[in-house]
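# dropping the sequence and predicted coords here.
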Amino acid sequence: MTESGAPAPAPTDPLEPWPDTVTWRPVSRSLITVELINRAVWVLILLAGLTTAWTITDHPAWIAAMAAVVIFAVWRSIITVRAVKAWGYAERDNDLLVRHGLVIRRLSIVPYARMQFVDVTAGPLERAFKLATVQLHTASAASDAKIPGLPPEEASRLRDRLTALGEDRAEGL
């Protein structure tokens, strides 16, 4: 309802919930660094292989392949920075919202009552940057949602809250 008593207007964007009902929380910007380091490792491995092939065969196509790998890595790195900034999540009374994506935007709404379990994972690089990923699992594989780049304290809080809400809401089923 608006101040005049009229109902709130419907959202004009199907990827946005009703206006003024959601406070989006971003993921940590440290996730950008983690993703860029991951990419750099793979690029170095690819370049090492291509360099080896070039030194063995001395064919100029290997140099073109190396240039293509570097150009693609730079392009993906720029996209990664923007993609991490697009991640967000919001907790509501009955569900959790997760959004991400640049070109293909995605909004996942996971009802607490439908959650089966919650995973928290952190690889070595994530742990080095004090990050974790919360993964929600439901009966439908298509509705699983994950939130990467959370500080461990927030990941633990979210895991505990989602588990408690899932158990509480599922009792009526």
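Noted; the coordinates are in hand.
# list the buried residues in stretch 55-66.
Residues of stretch 55-66 classed as buried by neighbour count (16 or more other C-beta atoms under 10 Å): 62, 65, 66. C-betas here are computed from N, CA, C, even on glycine.
# my guess is the last one contacts residue 54. True?
I take that to be residue 66. Yes. Taking contacts as C-beta atoms under 8 Å, residue 66 lies within contact range of residue 54: 7.4 Å.
# now do the longest helix seen in the chain: distance to the chain's middle.
Longest helix in the chain by number of residues, with DSSP state H as the criterion: helix 30-57. Centroid separation for helix 30-57 versus its chain: 23 Å, with C-alpha atoms, centre = their mean, to the nearest Å.
# show the average pLDDT along it.
Regarding helix 30-57, the rounded mean pLDDT is 96.
# does anything pack onto it? Which helices or strands?
helix 61-86, helix 124-128, strand 145-150 (3 or more C-beta pairs under 8 Å, 6 or more residues apart in numbering; DSSP states H and E).
# count the neighbours of the closest residue in space to residue 82 that isn't next to it in sequence for me.
Distance criterion C-beta to C-beta, 6 or more residues apart in numbering; nearest residue to residue 82, sequence neighbours excluded, is residue 102 at 5.7 Å. The number of residues packed near residue 102 is 10, by other C-beta atoms under 10 Å.
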